[in-house]
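A.B. asks: the following comprises the amino acid sequence and a computationally predicted model.
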Amino acid sequence: MNKHVMPKLTRRGFVIGTAAAGAGLAIGLDIPFGGPTVVRAADGSPEVNVWVVIRPDNTTVVRIARSEMGQGSLTGLAQLVAEELECDWSKVVTEYPTPGQSVARKRAWGDFSTGGSRGIRSSQDYVRKGGATARVMLVQAAANEWKVPASECTAANSVITHTPSGKTTTYGKVVEAAAKLEPPAEVKLKDPKDWKIIGKGVKRLDTVDKTTGAMIYGSDVKLPGMLNATIKDCPVFGGKLKSYDEAKIMGMKGVKKVVRVSDSSVAVVADTWWHAKTALDALPIVWDEGENAKVSSESIAKWLAEGLDNAQPAYIGNQNGDAKAAIAGAVKKVEAVYNYPYQNHAPMEPMNATALYTPDKCEVWCGTQNGEAAFAATMEASGLPAEKCEVHKLILGGGFGRRGMTDYVRQAVLIAKEMPGTPVKLLWSREEDMAQGKFHPVTQCKMTGAFDADNNLTALHVRLSGQSILYTVRPAALVNGMDTAAFQGLSPSGDAAIGYSVPNLLVEHSMRNPTFRPASGAA
Amino acid sequence: MANLTINGKSISVDVEDDTPLLWAIRENVGLTGTKYGCGIALCGACTVHVDGVAMRSCGVTVSEAVGKQITTIEGLASNGALHKVQQAWVANDVPQCGYCQAGMIMAVAALLNEKPKPTDQDINEAITNICRCGTFQQVREAIHAAANA
């Protein structure tokens, strides 16, 4: 049955193993006798390359670097590899490589980040090549065994056939030999017209476990001796934690520790999460809410409305003719102001991460849209170097951009660092999730249209006023300060082009990046 | 200490009487298919059956559940076969992220016990679980498929 292989939830269960008896960590391990390097998965099966592991029973394990959060990339990426690999789709399973392994292997799996609908788009080329390369090596291994030219052999459904003689073998039988071969320098990808799996409506690989309760999400992680934590960060962004009265809750059932996690947050660690939550709710906390406590929906609306004033500076995203002049001289004008509210991502599964810290190793288990960012946060918060850190990714109970952030990972590590050797699962309450959202920005837009005597649209002025997502999330993507993503659907050309021809058009963005709220991507 | 009957087994849990059933199931019994979404009985991710009735387990205390038959998503299949609602979910590829689906399936299983052939109106009224991915249309189709199975 198709299945996504979850990380083994034991403290040391997810190191890459080796079939060589008694050998330890096998990353880059040279098998003795001078043979080439064969890297093995935890069960001893060889990698043909980083994307493809084949077991003796012909099960194909496809490695998926991007994250599954309901969008289906886990299955889609496996389809891309399987198509080129010519393996038996009914025997495909998937697993996540870890960011730590990727770093140790010179970023073998490339980018882990999963957002903005880029997971498949930005990796389809190299994962298909991964599948094609593995197929060529498997076929070559069979040809070598038969002492025939590889060009006389074909592969389909994990079976290799020597056409002239009719001899057949399977991927599972030749994989050991294939894994020792040099990969081909160039591979030819299939013509899309020949695709049998890509683009077809196959069943998702992860459905059954999602209907039986067997799927393990980050919040379901259980480790031996694990404690549970929950946290409150200052409810006003930019505010500080002034003080709290720990003595009031230390006698409560199950409470183990109260941790000042940062200058704005405090966490309670207890035997169960329910005890941690009950105690945190009872903890007297004094916040210094700071300047932003004065911010209100009214003050934000007023501040954005200022940006609609043409006298304020703005970036021009699209322009033709002279919209302002056409509007000024128009027979008829229509003007409307639209408001788009802040939106919380609000995944069904509240933010969580489990961390186990010792001075020699820091491991994190979490759902994340960006494994490498979670890994970097683990390094930073633990103070340990890359080779002593690891992140084990789990299926996400929704992401929507929120889990591209790593605040919850950092918090979990900082808490676990106060309790070396004890795994701690940090789970936010829903209330905390709503309070600490990295909201999709609030925006206003003034649309002014001009019409001639026959009610034809002669000019359109679109003036946006609001926060830039890229300014916060990817400042390097700004173009001379301008956030081109603010003009999606309004740009002069490309995928984000406006769909209408307007004789006189002006589209501009008054970028107003507040100090009172961080931003993140699509909600 | 309370004795609960979960998926046909008697289990004693060492919790305070007012502990939400959700957390006893997840943390003390160790059945994590029942999910925490909101904690205030709004989202339905924690739906279980209590004496056959769909209940949001975050809003039921352990003491209220004593002496009752509790069924969680892990106990819905019988004799190794998925429940017809689970089968319809698989056949229709309903889940996206899947986090809400255990609660959704439990709510639907209870609905079909009560109304074997629910109308869209019945579904709208009875199935108020929240899915942030937006699988509602697939959920509706799968409910009809299960009803006609």
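C.D. replies: Noted; the coordinates are in hand.
A.B. asks: check contacts around the residue nearest to residue A:416 when sequence neighbours are not counted.
C.D. replies: Nearest residue to residue A:416, sequence neighbours excluded (Cβ to Cβ, 6 or more residues apart in numbering or on different chains): residue A:355, at 3.7 Å. No exception for glycine: its C-beta is placed from N, CA and C like everyone else's. Counting by Cβ atoms under 8 Å, 6 or more residues apart in numbering or on different chains, residue A:355 makes contact with A:362-365, A:378, A:409, A:412-413, A:415-417, A:423-424, A:426.
A.B. asks: and the furthest pair within the residues you listed?
C.D. replies: A:365 and A:417 (15.7 Å; Cβ to Cβ).
A.B. asks: hang on, the earlier thing: isn't there a helix covering the residue nearest to residue A:416?
C.D. replies: No. Counting by DSSP: H, G, I helix; E, B strand; the rest coil, residue A:355 is not found in a helix; it is strand.
A.B. asks: domain ranges for chain B, per the record?
C.D. replies: B:2-75, B:84-147 (automatic domain parsing).
A.B. asks: mind putting the ones you listed into a markdown table with distance to residue A:219 and mean pLDDT?
C.D. replies: Output for these, formatted as a markdown table (distance: least, Cβ to Cβ, whole Å; pLDDT from 0 to 100):
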| stretch | distance to residue A:219 | mean pLDDT |
| --- | --- | --- |
| domain B:2-75 | 7 | 98 |
| domain B:84-147 | 9 | 98 |
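A.B. asks: wait, which of those domains is closest to residue A:200?
C.D. replies: Per Cβ to Cβ, nearest to residue A:200 of those: domain B:84-147, 13.1 Å.
A.B. asks: okay, and the residue lying closest to residue A:517 once chain neighbours are set aside sits in which element?
C.D. replies: Leaving aside its sequence neighbours, residue A:517 sits nearest to residue A:237 (Cβ to Cβ, 6+ apart; 5.6 Å). Assigned by DSSP states H and E, residue A:237 falls within no helix or strand.
A.B. asks: quick check, residue A:237 in contact with residue A:292.
C.D. replies: Yes. With contact defined as Cβ atoms under 8 Å, residue A:237 counts as touching residue A:292 (5.8 Å).
A.B. asks: for chain B, which residue gets nearest to chain A?
C.D. replies: In chain B, the residue found nearest to chain A is residue B:33; the distance is 1.8 Å by Cβ to the nearest Cβ.
A.B. asks: so who does that residue touch?
C.D. replies: Applying Cβ under 8 Å, 6+ apart, the residues contacting residue B:33 are A:212, A:213, A:214, B:72, B:73, B:74, B:102.
A.B. asks: among these, which two are most distant?
C.D. replies: A:214 and B:72 (12.0 Å).
A.B. asks: those two: which is more packed in?
C.D. replies: Between residue A:214 and residue B:72, residue B:72 has the larger neighbour count (other Cβ atoms under 10 Å in any protein chain shown), namely 24 against 16.
A.B. asks: next, name the residue at the spatial heart of chain B.
C.D. replies: Centroid-nearest residue in chain B: residue B:106, 3.0 Å away (criterion: Cα atoms, centre = their mean).
A.B. asks: determine the set of other helices and strands touching the one helix or strand it maps to.
C.D. replies: Secondary structure assignment for residue B:106, by DSSP H and E: helix B:101-114. Packing partners of helix B:101-114 (3 or more Cβ pairs under 8 Å, 6 or more residues apart in numbering or on different chains; DSSP states H and E): helix A:207-212, strand B:47-50, strand B:53-56, helix B:84-91, helix B:120-126, helix B:136-147.
A.B. asks: would you mark the buried spots in that helix?
C.D. replies: B:101, B:102, B:103, B:104, B:105, B:106, B:107, B:108, B:109, B:110, B:111, B:112 (16 or more other Cβ atoms under 10 Å in any protein chain shown).
A.B. asks: and the residue of the stretch 1-150 of chain A nearest chain B?
C.D. replies: residue A:70 (3.1 Å).
A.B. asks: returning to that earlier point: and the helices and strands packed on helix B:101-114, which is most packed in?
C.D. replies: Across the helices and strands packed on helix B:101-114, the average number of neighbours (mean count of other Cβ atoms under 10 Å in any protein chain shown) peaks for strand B:47-50, which reaches a mean of 25.
A.B. asks: about what we covered before: overlap in contacts, residue A:237 and residue A:292.
C.D. replies: By Cβ under 8 Å, 6+ apart, the residues touching both residue A:237 and residue A:292 are residue A:516.
A.B. asks: doesn't the residue of chain B closest to chain A lie inside a strand?
C.D. replies: No. If the criterion is three-state DSSP, then residue B:33 is coil and not within a strand.
A.B. asks: neighbours around the residue lying closest to it once chain neighbours are set aside, how many?
C.D. replies: Nearest non-adjacent residue to residue B:33, counting by Cβ to Cβ, 6+ apart: residue A:213, 1.8 Å away. Neighbour count for residue A:213, taken as other Cβ under 10 Å: 26.
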